[in-house]
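*Asks:* quick one: sequence plus predicted model below, questions after.
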Amino acid sequence: MTLSIGDPAPDFSLVDVDGVSHSLAEHKGRKVMLSFYRSAACPLCNYAIDELQGRYKKLAWAAKLDVIAVFQSSTENIDRFILKSRDTTKDKFPFKLLSDSEMATYADYKVGSSSTGFMKGYLNLKIRGSKELKKYYKTHKRINGFHKETVNRRLPSDFLIDENGVIVDFFRAKAINEHIPLERIDSFLMFGRIVEMNDETKKSKTRQRVASWSPRRTINIHRNKLHASVM
């Protein structure tokens, strides 16, 4: 049975990098964005996290929104590729980072996989990706090398959940480089619902999220003490 808008969001119990368990129920009374990523080692996932983190700080989302990022990676790899690569710790990172290596919560939320979506994501990168995105991708691969986690057909999914634990909006990617348009998150925070857009506008917003890069961005990949500033 698929999940729909208006359905209760399934609860879960997943651990962070320190082995501490967290549940969705802990966030009752708060708006939540629950995002399922391919893996902690995925360059495209790291790009999406950086983009979301920049918007989170800029618009003071922290006062209104709890962000939970779920990975099918081990806690060790989340710590390595998400936290240590940014020279930070879980207490300083704005999002809750959780491991679902058994992929039970992925199954509960019907997070899909697709070989076509896997190939489409890399074609999007090569054909439509900005210069900055391509540079980020190459830099990430050069520093972190190849990791088997990146070779999977999992497609990202995002769920916006209200204070009562009800799904208000969701986005199921059709390619591995897609995530929910940021404007839909803005609408969720401002109105508690999603303002309807026509099909062409939806496609445009998704394309912007796929190919965009904030005008000022600093990539800090601590492992090799690399600092690359994009203006």
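*Replies:* Structure received. Note that the coordinates shown come from a computational prediction; the quantities given were computed from them, not determined experimentally.
*Asks:* can you give me the helices in this structure?
*Replies:* All helices of the chain, identified by DSSP state H, fall at 43-58, 75-78, 104-108, 115-127, 131-144, 182-191, 199-211.
*Asks:* can you redo those as JSON lines with distance to Leu155?
*Replies:* For glycine as for every other residue, the C-beta is placed from the backbone atoms N, C-alpha and C. Formatted as JSON lines, those follow (distance: least, CB to CB, whole Å):
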{"stretch": "helix 43-58", "distance to Leu155": "11"}
{"stretch": "helix 75-78", "distance to Leu155": "19"}
{"stretch": "helix 104-108", "distance to Leu155": "10"}
{"stretch": "helix 115-127", "distance to Leu155": "5"}
{"stretch": "helix 131-144", "distance to Leu155": "18"}
{"stretch": "helix 182-191", "distance to Leu155": "17"}
{"stretch": "helix 199-211", "distance to Leu155": "13"}
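*Asks:* for Lys96, which of those helices is the nearest?
*Replies:* helix 75-78 (11.0 Å; CB to CB).
*Asks:* what sits up against the closest one?
*Replies:* Contacts with helix 75-78, where a contact means CB atoms under 8 Å, 6 or more residues apart in numbering, come from 15-19, 39-41, 71, 97, 99, 147, 149.
*Asks:* any idea how far Glu26 lies from Gln53?
*Replies:* To Gln53, Glu26 is 21 Å away according to CB to CB, to the nearest Å.
*Asks:* what do you get for Leu189?
*Replies:* In terms of CB to CB, Leu189 sits 16 Å off from Gln53.
*Asks:* how about low-confidence regions in the chain?
*Replies:* Along the chain, the parts satisfying pLDDT under 70 run over 58-62, 193-231.
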